[in-house]
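*Asks:* Sequence first, then the predicted structure, then my questions.
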Amino acid sequence: MKWKLINKTPQTYAVVLNEGEEVMQSLHAFAAQERLTGGRFSGIGAFSEVMLGHFKPEKRGYKRIPIPEQVEVLSLTGDVTMENGSPQLAPAARAGGRGQIRWHRARRPSHRGPRAAHAGSRPG
């Protein structure tokens, strides 16, 4: 993972993941390293595989939908918040491949491709 501050106001970073890096784990590590207290993120590229899901209110949990093949990231957005001194990520993703489009909350995507972008703020 590489990153660069690309704008000071609002504070905006570009984060680039290497092939095979796990997206949410990498963004969590970045947010912790930079001590982000809040922000939003978006991403582009592809997932080599991804676990998506959607909330099932009657079960009070997520139905997990594994996609064990490469898919294009049509949309990856989310928020970063701080809870008990640790950054928390709330992602949503839409992925497409083989004539399908799926949109659900991202659980554990693995990155395949050159880039993802992230914006956030850290204590002043």
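*Replies:* Arrived safely. Nothing here was measured: the structure is a model prediction, and the numbers come from that model.
*Asks:* and residue 24, which of the three is it?
*Replies:* helix (DSSP: H, G, I helix; E, B strand; the rest coil).
*Asks:* hmm, I was thinking of residue 74
*Replies:* Assignment for residue 74 (three-state DSSP): strand.
*Asks:* and if you look at residue 28?
*Replies:* helix.
*Asks:* Surely it touches residue 83?
*Replies:* No - using CB atoms under 8 Å, residue 28 is not in contact with residue 83, being 12.0 Å away. Placement of C-beta: from N, CA and C, glycine included.
*Asks:* May I see the buried residues of the strand ranked longest in the chain?
*Replies:* Longest strand in the chain, counting residues (DSSP state E): strand 38-56. Neighbour counts over strand 38-56 (16 or more other CB atoms under 10 Å) mark 39, 41, 43, 45-48, 50-53 as buried.
*Asks:* Quick test: name the residue nearest the centre of the protein.
*Replies:* residue 24 (4.9 Å; CA atoms, centre = their mean).
*Asks:* I'd say that one and residue 90 touch.
*Replies:* No - assessed by CB under 8 Å, residue 24 is found out of contact with residue 90, at 10.4 Å.
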